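S.K.: 3D model of this:
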Amino acid sequence: MRLLLFSLPDSFEHTPALVMRMPNGGLASLAGNVDRHHEVAVADLVLVQDRVVPTVERLVRALEPDVVGFSIMTFQRRTAHRLIRFVRLLRPQARIVAGGYDPSLATEAYEDPALGVDYVVRGEGDVTFRELVRAIEAGRPVADVAGLSWRAGDRLVHNPARKVSTLAGDEVRPPDRGARVLSGYTFLGRPIDIVETSRGCTYDCSFCSIVEMRGRNFHAWPIGRVLADIADARARGARVIFLVDDNITLNVRRFEALCRGIVAAGLDRIDYIVQAMTSSIADHGATLAPLMRRAGFRYVFLGIENVLDEDLEFLRARAKNAQRSGGRPAGNATLRAIELLHRHGMYVVGGLIVGNPGDTRRSIEANLAFARRHVDWPYIQHPTPYPRTPMAKAFRERGLLVTEDVAEYDGTTAVVRSEHLTAEEIEFLRWRAERWMKARHFPVALRHDPWFVLRHARRMFGHTFRGCTWRTILRLEDEREAFRRYRAIRRREREYLHGLPAEVGGTPREAAGAGSRPTREASAA
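M.R.: I've put the predicted structure just below:
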């Protein structure tokens, strides 16, 4: 059979396509886990944000797929719905499959028969999708495919959940990067790819969708398989690798072994990006950090979350941000972790969440001041009530949720207020401070990637200071005027489907109006 798998074009503000266009690792894994005789094409639409509709039409008409799959995050739901209807129009006989965080945690959003979704793959999709494709090919019922929801008339029937894979043996095979039919994955102009070395996390942060997807657990692949996967990515041109594990530093000794393996295999001439837990870096960084730098790690995303204890309590993130002494908590680990990473020449991407229920202007400014002083690149977000997370329940119970429009659930649009500040004020405080923090890192990027930065500096600054003019910079106008322009730009940026036929989603203007805010996935990593 012919299979066509799409990821959506919607991207996070902190990862604009100009500087970072990463592949969807889940789709490459699906491609590698179906039976070999199938023809699989993977299309990451983030690569064609300015020509999504013609690209989708070209691929559907050229490949004539029997099955079309979509990987969808919560803030991509509206785009996904419209593209699903478009593909149904182009290829009525194709089976439509939806998977990813949003269909897994908000399956009801895909139940309307008018949408045209035939199947929903819930949770990990590698084995579920393989079994689904086998059943479709053989004409067998799918009632025994664990982790699958399937259409029966006007409703979806939900099969029992699939057990989380332990990643043992060859149940989950390596990804097939050769299935990609679009090109141009880059980070600051360098070819980038992603590699997964483990899955899962044993913590239960209130904002995180991972635990809701798979429970609290941690499973890892053998180091040898991971090194082979990195080598495959490098052989296909990657010069930057993002290790996308949910929490790679849960097993520090294994991470150390991976760093040694990277060096021994000669894979250390790649720039690595990784997500890490502050407590692990603080407790083990004296030995881990030099190994990381030797292996080629350059940027480390630290899940700082917040520098105030009361906010960490709400976020359920105190334990993973606690430094330990003699096995007991001994204060916040953040500063120690940052100091160790900086000492060994790595840059800290600081993940912070501001706008929690008890936040005041003073508490938000304290976090912004910390980021301004200590992190190299800010990744500041607002609490976002992703489906089924404890955070979503808490904000609803407190009456602090200000919109149900999930197109705005992108992390940098404030969709909740605090008990002291409006959502708009919270977003303004972040926006006002964050622009200058990002601008401060430009010289670092210039030294490492001079040709790219020199070519694109104007666009990079333009994106960072969207809404601003020289009058704003010279303080000849109220910054709130620039902020209003910025928000209008952000609303326009969410529209990727220019030229979509009216019968499947309306014109861009109509669609934007339908999705505007009524009253005014935080990171899943």
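
S.K.: alpha carbons only for contacts and neighbour counts from here, please
M.R.: Noted.

S.K.: What are the boundaries of the strands in the stretch 251-400 of the chain?
M.R.: Here the stretch 251-400 of the chain has its strands, by DSSP state E, counting those that start in this stretch, at 271-276, 297-305, 322-325, 328-332, 347-353, 377-381.

S.K.: between these, which gets nearest to I241?
M.R.: strand 271-276 (4.9 Å; Cα to Cα).

S.K.: sorry, back to before: any chance of the strands of the stretch 251-400 of the chain in CSV, with mean neighbour count, distance to M73 and mean pLDDT too?
M.R.: As requested, the strands of the stretch 251-400 of the chain are exported to CSV (neighbours: other Cα atoms under 10 Å; distance: least, Cα to Cα, whole Å; pLDDT from 0 to 100):
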stretch, mean neighbour count, distance to M73, mean pLDDT
strand 271-276, 21, 19, 97
strand 297-305, 24, 20, 96
strand 322-325, 18, 30, 67
strand 328-332, 14, 32, 63
strand 347-353, 24, 19, 96
strand 377-381, 24, 16, 96
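
S.K.: okay, the ones you listed in JSON lines with distance to G125 next?
M.R.: Listed next are the strands of the stretch 251-400 of the chain as JSON lines, based on distance: least, Cα to Cα, whole Å:
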{"stretch": "strand 271-276", "distance to G125": "23"}
{"stretch": "strand 297-305", "distance to G125": "26"}
{"stretch": "strand 322-325", "distance to G125": "34"}
{"stretch": "strand 328-332", "distance to G125": "37"}
{"stretch": "strand 347-353", "distance to G125": "28"}
{"stretch": "strand 377-381", "distance to G125": "28"}
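
S.K.: what's the closest of those to R236?
M.R.: Here strand 271-276 is closest among these (Cα to Cα), at 15.2 Å.

S.K.: The closest one versus strand 297-305: what angle between them?
M.R.: Orientation check (axes from the mean of the first three to the mean of the last three Cα atoms, to 10 degrees): strand 271-276 against strand 297-305 gives 20 degrees.

S.K.: name the helices or strands packed onto strand 271-276?
M.R.: strand 240-243, strand 297-305 (3 or more Cα pairs under 8 Å, 6 or more residues apart in numbering; DSSP states H and E).

S.K.: sorry, back to before: out of the strands of the stretch 251-400 of the chain, which is closest to D112?
M.R.: Comparing the strands of the stretch 251-400 of the chain by Cα to Cα, strand 377-381 comes nearest, at 31.8 Å.

S.K.: The closest one pairs with which strands, parallel or anti?
M.R.: strand 347-353 (parallel) (DSSP bridges).

S.K.: Can you show me the CA trace of the partner strand as CSV?
M.R.: These are the backbone C-alpha positions of strand 347-353, laid out as CSV (Å, rounded to 0.1, in the frame of the first residue of the first chain):
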residue,chain,number,x,y,z
TYR,A,347,24.8,27.5,26.5
VAL,A,348,21.6,27.3,28.6
VAL,A,349,18.2,27.5,27.0
GLY,A,350,16.1,28.5,30.0
GLY,A,351,12.7,27.0,30.2
LEU,A,352,10.5,29.1,32.5
ILE,A,353,6.7,29.3,33.0
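
S.K.: From A482, how far off is L476?
M.R.: Going from L476 to A482 by Cα to Cα, to the nearest Å gives 11 Å.

S.K.: and the two? which has more neighbours close in?
M.R.: A482 (20 against 10; other Cα atoms under 10 Å).

S.K.: surely that one meets R471?
M.R.: No: counting by Cα atoms under 8 Å, A482 stays clear of R471, with 9.4 Å between them.

S.K.: mind checking the SS state of A98?
M.R.: strand (DSSP: H, G, I helix; E, B strand; the rest coil).

S.K.: hey, what's it bridged with?
M.R.: F70, V120.

S.K.: Let me know the pLDDT of it.
M.R.: For A98, the pLDDT comes out at 98.
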